[in-house]
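1. Just to be clear, the model below is a prediction. Sequence and coordinates:
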Amino acid sequence: MRPAVRARRRTLLRAAAAGATALAAGCSGGTRSVQVAVVWSTSELDRFREVVAGYPAPVQVVSAGNDIDAFLRARHLAGTSPDVAILPRPGLVTEYAERGWLSPVRASTGYAVPAELGELLTAEGQRYGVWVKAAHKSLVWHLPSMLPVQPVDWDALVRRTQELAALARRDGGPAPLAIGAADGWVLTDWFENVLADVAPESYNALARPDADWQGRPVREALDRLAGLWSINGAFVGGGRRALLTQYEESVIQVVHTRRAVMLVGADFTADVANPFRRGSEAPVTFRFPGTQPGGGPLIVGGDAAVAFADARGGVELVEWLTRADSFQPWLRAGGYLSPNTNVTIGSYRDGVGQRLAMEMRAPGTLRFDLSDQLPGAFTGSDGVGIWRIMQGFFADVTDGVRASEAIRRVTGLLAAAARSAGGGR
Amino acid sequence: MSQVRVLGELAVLDDVGPARRGRAYPAAGATSALLLPAAVLLGGLVLWPVLRTMHASVTTDGHWVGAAHFRTALAAPGTGAVVGRTVLWALLVPAVVTALGYLLAAASRRSQEGGLVRLILLVPVALPLVVTGVTFRLMYDPDPSRGSATLVATRLTGRSVEDAPQLLGPGMVTVALMSAFVWAWVGLAVLVFRSALDAVPPSLADAVRAYGGARRHVLWDAQWRPLLLRTTAVVFALVAVGTSRTFDLILVMTPGSVRDEASVLALRIWQTSGGTTTGDGAALGVVWLVAVIGGIMVAALFVRQAWPPPRVEAAPEPAPAAPPRRVFRLLAAGAAIAWLVPLAVLVATSAHGRVDAAARGWWSAPPNGESYRDLVTGTELWRTLGFTLLLATAVTATVLVVALLAAYPLAWLTGPAAQATGLLLLAASVVPIQVIAGPVNEVLGLVLSSGTAQGLALVHIALGVPFAVLVLRNAFADLPVEQVRDARLGGRRWWHTLRRLARHNLSAVVAVSVLEFVQVWNDLVVGRLFGGPGASPLGPFLAEQTRGFVSNSGALAASSVLASVLPVVLVVLSRRHLVAGLVSGGVR
């Protein structure tokens, strides 16, 4: 369809929609509410509704679930995009911006995020999105009674894994690690943590169109991963079984059935762990270990708010969301990590939240989730893209394929996937 | 031939002579307007989107690119395996279902327990495929302390718990999926075969025996050749087309890591294009569309018959014949028990709370109602059930009205025109929605909006109309000429006639209504593609929870049970009408 025709159709639809809304508003005596589509559901959705209840105008929050991309594409085709959307990946923000779907947005004066995050939401020098929620993805979870001494660096983690695996093989003790390898993002999070530690300077380059997926940094990171993953007995039930284990089940293996000691997972692991806790013992965390003791990587994920072109009241709502005090209801309820460094540490309810927020502010260490920045299908979903490729690598190294051979295979696949998604050499 | 009397007198029309359709239903131009609603729906939401998809498969941004998209799509790694697996599904599964269906139909005939056996086999037919997927994933859980099938397999193979066979692993996942599909579909085959067997006149078998025919001759000459060949072809084609529904099962049953090993064209198209239809996705879609429509056309030509169909003499009350041999009866009983096992696992799992269901097997903890209590006291399930009920009712009512209106004028057609409409409707009723999702969204944008309840209902209506028209048209056309004459004499206006005709075809009307209702109630893919906030039906609601399958299994099993009650009750209560309606109308 020619753009002019589409524009006219959209205008007509807008007019019709506006007419209908005006009619509805006239009946109810209120003003038109701003529509926000979000990825969240259940308790997170409730929390966000509490947040926007503080906005001076009425806000209608709709949950589009995990398929928000498909949802928004369909709504765009139908000419009924919402005013604001909260997107789970920065790649979507730039993609939509390049297609002309979005309107540039402003941030309030109280908005300050780490520089590594802010630049991800700009296209052609314009800011098209703001961060509203962050996830700390460099944590290792365990029960204190199962692991009295926390490994301080990568070598200590490998040694500890070998000891525990030997124990497990000999007298059936708990496996050193639980891993939800059925969910591809679990494996990409592992990879990103190791990559950010092995080659921090090359990390961001991999998100760019000229990324070299067969280069030395990627191979080194994969080699380090292969060294740990290939330890006999490292995972509950072995590699094949781990590939059928979803992330939430892996949490249960640590906190409830105690068939594993450690689990690499993000801050939101607590939400899964709580209902399955046995007794009073709560799981604790340490930072994903790096080469240097205490100098581990910090991988951060996040959700960004955007306003659609010709949205009404969208830009204003986005600006309001960037204020330091807007998310107070969610901070008080817990389970929320703010990307905004102007949010005072004291606003966090518990010590863990405060510690994670502090870590986010340490200068220079932060890297944004790489797979979330990859173009097109390469970004991964079940059975697709980097998720699928990393699962293949995991299957290889846990199945006794030599590390060099497995790395050769996986880098070839990564490079090919990057090429066909429109990036990479 | 049965004769219907009006006020006790045989109706005599002025145009006496051999009964011909053309005289029974005189064509009238004005009634053709009744086709309008169906034509608009099918044209706008099926035909136009199909053409758009075809267009998209050979263009990029409106520029002609020839077969480039087809080459890219087919050359993409793994496409060969995906196509091969799709073909395997379309050949192997129907063969198994047809064979099992015939065996069990024959084995459960004329015996006391036969009715119960058929009833048990029928229950899985009515379940949403999402629920079937949940059920089998519970059984095939790779952990032998939870998955009962895995535990049995471990014991049988004598392996250790650590080395348990993995039915959901990459090697076996397609077999696991197929077993779930066969479980769900055999009941339908049994139902159709049973009515076919009942229609075979027993005198034929007697005649064969009288000429010294052995058991195999009876089977061949008195059962297979006269009727079962056609029925087999029909069942095979139905199931083969039904395998395009495997999408639901794959989405629910396979963990992300084995999705590639289980992938079929339906899933590949979904993964390539999501809710839009462009380039490679459109090319794959066209390949799939051509295969599905080609397959159903071949089946249709294979089983075609004279139109209007010759009247089959009403079979006299079958003489009481001997029940099947003991070994067959045992086979039927064994099958019924085997078919009950998955249902029992689902119900047993639902009787455990979140932690128990996730941490150990249903057999190792005492049952409680915790999962049900959480669901029933929450609002989400009720909201979803209420919305789905409303949606399914509204869609069914609309489809019925639109299809009745359209079937009335179409039933007058004769000769090639009738054959052509039949084939067109058949083709329209098997178009996979994934293929045309993008263009359908564009059309919805013009009239309503996707992501709203109205848009969702509209898509369901458009998808349901072709099959409903087909069944009702055939049922109308099957009516004895006398009944049509009566209706026309008794009804002063066309709608009186239509009402009378519909009353004579109660079975077809009931069959269409129940099937449409159950179809919408059980749907996953339409809800997923066109639903949205405020328009979230059961299928997507259940499928969404499988993302954390183990940690949600208690609630998931309980909501699956609650979601299945209504379709099962409807199908079981209306099963006689279903068969009668389908045999008189749809299966042709």
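-> Happy to help now that I have it.

2. dump the residue contacts of the closest residue to chain A within the stretch 101-250 of chain B.
-> Residue of the stretch 101-250 of chain B nearest chain A, by CB to the nearest CB: B:Pro142 (4.5 Å). No exception for glycine: its C-beta is placed from N, CA and C like everyone else's. B:Pro142 makes contact with A:237, A:241, A:244-245, B:150, B:164, B:166-169, according to CB atoms under 8 Å, 6 or more residues apart in numbering or on different chains.

3. rerun that using 6 Å as the cut-off
-> A:241, A:244, B:166, B:168 (CB atoms under 6 Å, 6 or more residues apart in numbering or on different chains).

4. The residues you listed in strands, which ones?
-> Among these, no member is found in strands (DSSP state E).

5. And these, which is the shakiest by pLDDT?
-> Within the set of those, pLDDT is lowest for B:Gln166 (88).

6. Setting aside sequence-adjacent positions, which residue approaches it most closely?
-> Leaving aside its sequence neighbours, B:Gln166 sits nearest to B:Pro142 (CB to CB, 6 or more residues apart in numbering or on different chains; 4.9 Å).

7. that older thread, in helices, which of the contacts of B:Pro142 fall?
-> A:Arg241 (DSSP state H).

8. List just the nearest of the contacts of B:Pro142 to B:Gly115.
-> B:Leu168 (35.2 Å; CB to CB).

9. hang on, the residue nearest to B:Gln166 in a helix?
-> No. B:Pro142: not assigned to a helix; according to DSSP: H, G, I helix; E, B strand; the rest coil it is coil.

10. rewinding a little: would you list the contacts of B:Pro142 in a markdown table and tack on neighbour count?
-> What follows is the contacts of B:Pro142, written out as a markdown table (neighbours: other CB atoms under 10 Å in any protein chain shown):
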| residue | neighbour count |
| --- | --- |
| A:Arg241 | 20 |
| A:Leu244 | 26 |
| B:Gln166 | 24 |
| B:Leu168 | 27 |
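
11. How about the residues of the stretch 1-150 of chain B by chain A?
-> Counting by CB under 6 Å from any CB of the partner chain, the stretch 1-150 of chain B comes close to chain A at B:Pro142.

12. what's near enough to touch B:Leu35?
-> Per CB under 6 Å, 6+ apart, neighbours of B:Leu35: B:406, B:409.

13. Next up, phi/psi of it, please.
-> For B:Leu35, the backbone dihedrals are phi -70, psi -20 (criterion: degrees, to the nearest 10).

14. which secondary structure element contains A:Ala305?
-> strand A:298-308 (DSSP states H and E).

15. residue ranges of the strands in the chain, please?
-> Defaulting to chain A. Using DSSP E, strands in chain A cover A:34-38, A:59-63, A:84-87, A:102-103, A:122-123, A:126-127, A:130-136, A:139-142, A:175-178, A:260-265, A:284-287, A:298-308, A:366-368.

16. oops, I was thinking of chain B
-> Going by DSSP E, chain B shows strands at B:5-6, B:9-10, B:59-60, B:63-64.

17. how close does A:Ala416 sit to A:Leu157?
-> 32 Å (CB to CB, to the nearest Å).

18. coming back round to it: between the contacts of B:Pro142, which is nearest B:Pro480?
-> The shortest gap between B:Pro480 and any of those belongs to B:Leu168, at 53.5 Å (CB to CB).

19. Can you tell me the number of residues neighbouring the nearest residue to that closest one once chain neighbours are set aside?
-> Closest residue to B:Leu168 apart from its sequence neighbours, by CB to CB, 6+ apart: B:Tyr140 at 5.1 Å. Neighbour count of B:Tyr140, defined by other CB atoms under 10 Å in any protein chain shown: 25.

20. repeat for A:Val410
-> A:Val410 has 26 nearby residues by other CB under 10 Å.

21. burial of B:Val290, as a residue count?
-> 11.

22. Show me what from chain A comes close to chain B.
-> Neighbours of chain B within chain A, by CB under 6 Å from any CB: A:62-63, A:70, A:73-75, A:77-80, A:182-184, A:241, A:243-244, A:246, A:248-249, A:252, A:256-257, A:276, A:382-384, A:391.

23. how about 7 Å then?
-> A:62-65, A:69-71, A:73-75, A:77-80, A:181-184, A:237-238, A:240-241, A:243-244, A:246, A:248-249, A:252, A:256-257, A:272, A:275-276, A:382-384, A:387-388, A:391 (CB under 7 Å from any CB of the partner chain).

24. which ones among those are found in helices?
-> A:69-71, A:73-75, A:77, A:184, A:238, A:240-241, A:248-249, A:252, A:272, A:387-388, A:391.

25. quick one, what contacts the nearest residue to A:Arg106 once chain neighbours are set aside?
-> The spatially closest residue to A:Arg106, leaving aside those adjacent along the chain, is A:Glu319, at 5.0 Å (CB to CB, 6+ apart). For A:Glu319, the contact set (CB atoms under 7 Å, 6 or more residues apart in numbering or on different chains) comprises A:105-108.

26. export these to JSON lines and tack on neighbour count, pLDDT and distance to B:Gly281?
-> Below are these laid out as JSON lines (neighbours: other CB atoms under 10 Å in any protein chain shown; pLDDT from 0 to 100; distance: CB to CB, whole Å):
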{"residue": "A:Val105", "neighbour count": "24", "pLDDT": "94", "distance to B:Gly281": "31"}
{"residue": "A:Arg106", "neighbour count": "14", "pLDDT": "91", "distance to B:Gly281": "37"}
{"residue": "A:Ala107", "neighbour count": "20", "pLDDT": "91", "distance to B:Gly281": "37"}
{"residue": "A:Ser108", "neighbour count": "16", "pLDDT": "90", "distance to B:Gly281": "41"}
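
27. Just name the closest of the residues you listed to chain B, please.
-> Among the contacts of A:Glu319, and counting by CB to the nearest CB, the member closest to chain B is A:Val105, at 22.3 Å.

28. isn't that closest one right next to A:Phe308, touching?
-> No. Between A:Val105 and A:Phe308 there is no contact, the gap being 10.4 Å when judged by CB atoms under 7 Å.

29. what residues do the two have in common as contacts?
-> By CB under 7 Å, 6+ apart, no residue touches both A:Val105 and A:Phe308.

30. can you give me phi and psi for the residue nearest to A:Tyr247 when sequence neighbours are not counted?
-> Spatially, and ignoring its direct neighbours in sequence, A:Tyr247 is nearest to A:Gly180 (3.3 Å; CB to CB, 6+ apart). Main-chain dihedrals, A:Gly180, degrees, to the nearest 10: phi -90, psi 70.

31. what's near enough to touch A:Gly180?
-> A:186, A:245-247, A:249-250.

32. For it, report the pLDDT, please.
-> 95.

33. Provide the partner residues of the residue nearest the centre of chain A in its beta bridges.
-> Centroid check for chain A by CA atoms, centre = their mean gives A:Gly301 as the closest residue, at 3.8 Å. A:Gly301 has these beta-bridge partners by DSSP bridges: A:Ala135.

34. List the contacts of it.
-> For A:Gly301, the contact set (CB under 7 Å, 6+ apart) comprises A:135, A:137, A:369, A:372.

35. if you look at the lengthiest helix in chain B, does any of it touch chain A?
-> As assigned by DSSP H, the longest helix anywhere in chain B is helix B:380-410. No. Using CB under 7 Å from any CB, helix B:380-410 stays clear of chain A, with a minimum separation of 8.2 Å.

36. okay, now the nearest residue to B:Val96 once chain neighbours are set aside: neighbour count?
-> Using CB to CB, 6+ apart and skipping the chain neighbours, the partner closest in space to B:Val96 is B:Val182 (5.6 Å). Counted with other CB under 10 Å, residues neighbouring B:Val182 total 19.

37. check contacts around the closest residue to A:Arg169 other than its chain neighbours.
-> The shortest distance from A:Arg169 to any non-neighbouring residue, by CB to CB, 6+ apart, is to A:Gly233 (4.7 Å). Taking CB under 7 Å, 6+ apart, we find A:Gly233 in contact with A:165, A:168-169, A:175.
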